[in-house]
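Novice: here are the coordinates; sequence isn't available:
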């Protein structure tokens, strides 16, 4: 319950700083540019070869959502970097420790806050689907699956960002650490291509956060991929909570 | 109400607080005195539940800080030395946020916020963003967040720092009004503040308590060997010998000649009034008594004396 109070404060603080708006604008500009690029390519193709048989969701929205997944990877650190680092630097976190609030509530408040910002970031891009729908019918279930995937993926990024933000009182350090970790979790996926036969490469390749997004972008909600994201998020949230606890009291645990 | 039992806090190899024991009764106001880096803030931060002591126990309102920190947190209000604030929030948004951690119903929340806004003089800045506040107002917002849930115990780390004289008086009056109702620990550098507001004083230096008592008893303690300064016209050696013979005088120190007379510092034994005897001794011998002063120590001098004594050891 108390995490809701913290969430509401996170919203006021988050939307009270220019960072949120800079991030929104950048994200929308870049995704808009990508959407425009793919649309023009399809238009050119249609003019040259007549209409294609491929459904528009596969031709346009699948690559668009994959690109959005990568753009998000660069945007989320900007949102999460301040969450703990700023409160540590200014000392507001110490005051929180004198209120009757558990560490878990503080963590969940921040987590929910960042998730809400992620939603606000993603929702306007649904406009692209509505625009295309004016011209040609689209398969909504695929679009929904893509956005569910983006939401899981973005939330995973947030979990890493929270963890990194709690390690330092410097926001830049937190952002770079988040970005580095996320790039690492992306690049392990390439191992399977470099060493196609090696077992260890296959195992490590499973850790690729973007690899698990493929099924979502195809419109398939795969239980194993959903489980991966849930475990990934839980792992980093637990690591963050552990970091919070180690600085405070045993009695404030849970 | 507050029982602190042999707490020690180490930051790595640095011992910030060492074996500190004291207690504060319900309704009492305790003043915490000490130079910078003495361990005042560390002790207060432990009491406020920010971090646990390396060793020792703290009980607040009967709850053990080590095992029941949530119960303790419900009952304390803490004002940090430097009030950290969320720059993006307004004063009333911030107080709404703080009060939401206590399980009050909506009307109680509203009335508590109105009460502290009034107590701390924040009416005119209610809608202002915290980042725009001056230092004095920041401090008052800090006091407001410490008071908003009407805590039994208040821990105030230098509550009047950065305020102008009128605000200082207002805040002191406010703190004094808690006497008998709330248990208060306040730290300060300003010594008159302690004699004005506190019933009990604790002087801490280098992490250990070096003196404890009421402002009056501390003054008395230090005056045990009250100093009397006299200026006598007469042969210095004989004067000295005669004064040493006066009953009740512990020690005579000659400071040399000054104009017509010689100056002596006399230390009397505790509680004995030696001045009439000194005067008699001098007059009987036909010397001239030019000056006689009893030097009582103010709390400030006691503080300096205790702390510097520690340093010269």
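Specialist: That came through fine. Since the structure is predicted, the reported quantities are computational estimates derived from the model, not experimental observations.
Novice: mind listing the helices for the chain?
Specialist: I went with chain A, as the question did not name one. Using DSSP state H, the helices of chain A run over A:2-16, A:18-49, A:56, A:62-80, A:82-90, A:92-96, A:103-122, A:126-133, A:140-165, A:171-187, A:191-194, A:199-205, A:214-218, A:223-247.
Novice: chain B, not that one
Specialist: So, for chain B - with DSSP H - the helices run B:40-47, B:69-75, B:91-99, B:106-119, B:135-147, B:165-177, B:191-197, B:215-223, B:236-244, B:275-284, B:299-312.
Novice: related to what we said a few turns ago, would you format the helices of chain A as TSV with mean neighbour count, distance to chain B and mean pLDDT included?
Specialist: Placement of C-beta: from N, CA and C, glycine included. TSV is the format used below for these (neighbours: other CB atoms under 10 Å in any protein chain shown; distance: least, CB to the nearest CB, whole Å; pLDDT from 0 to 100):
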stretch	mean neighbour count	distance to chain B	mean pLDDT
helix A:2-16	19	3	88
helix A:18-49	14	10	90
helix A:56	20	42	80
helix A:62-80	22	15	94
helix A:82-90	21	5	91
helix A:92-96	20	4	89
helix A:103-122	21	9	94
helix A:126-133	15	28	91
helix A:140-165	23	16	95
helix A:171-187	18	14	94
helix A:191-194	14	41	79
helix A:199-205	13	38	81
helix A:214-218	20	34	91
helix A:223-247	16	7	90
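Novice: to residue B:157, which of these lies closest?
Specialist: In terms of CB to CB, the element of those nearest to residue B:157 is helix A:92-96, at 11.2 Å.
Novice: now tell me what touches the closest one from outside.
Specialist: The contact list for helix A:92-96, computed with CB atoms under 8 Å, 6 or more residues apart in numbering or on different chains, reads A:84, A:86, A:87, A:106, B:45, B:50, B:78, B:80, B:84, B:85, B:86, B:145.
Novice: rewinding a little: of the helices of chain B, which approaches residue A:117 most closely?
Specialist: helix B:91-99 (18.2 Å).
Novice: between helix B:106-119 and the closest one, find me the angle.
Specialist: If you take axes from the mean of the first three to the mean of the last three CA atoms, to 10 degrees, helix B:91-99 sits at 130 degrees to helix B:106-119.
Novice: how about chain B: which residue is closest to chain A?
Specialist: Per CB to the nearest CB, residue B:88 is where chain B lies closest to chain A, at 3.0 Å.
Novice: mean pLDDT for the helices of chain B: which is lowest?
Specialist: Among the helices of chain B, helix B:299-312 carries the lowest mean pLDDT, a mean of 59.
Novice: make TSV out of the helices of chain B and add distance to chain A and mean neighbour count.
Specialist: Below are the helices of chain B laid out as TSV (distance: least, CB to the nearest CB, whole Å; neighbours: other CB atoms under 10 Å in any protein chain shown):
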stretch	distance to chain A	mean neighbour count
helix B:40-47	7	24
helix B:69-75	4	21
helix B:91-99	5	21
helix B:106-119	11	15
helix B:135-147	7	22
helix B:165-177	18	15
helix B:191-197	22	19
helix B:215-223	28	17
helix B:236-244	58	15
helix B:275-284	53	15
helix B:299-312	28	15
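Novice: out of those helices, which gets nearest to residue A:49?
Specialist: Among the helices of chain B, the nearest to residue A:49 by CB to CB is helix B:91-99 (58.7 Å).
Novice: can you give the domain ranges for chain B?
Specialist: Annotated domains of chain B cover B:2-219, B:227-295 [automatic domain parsing].
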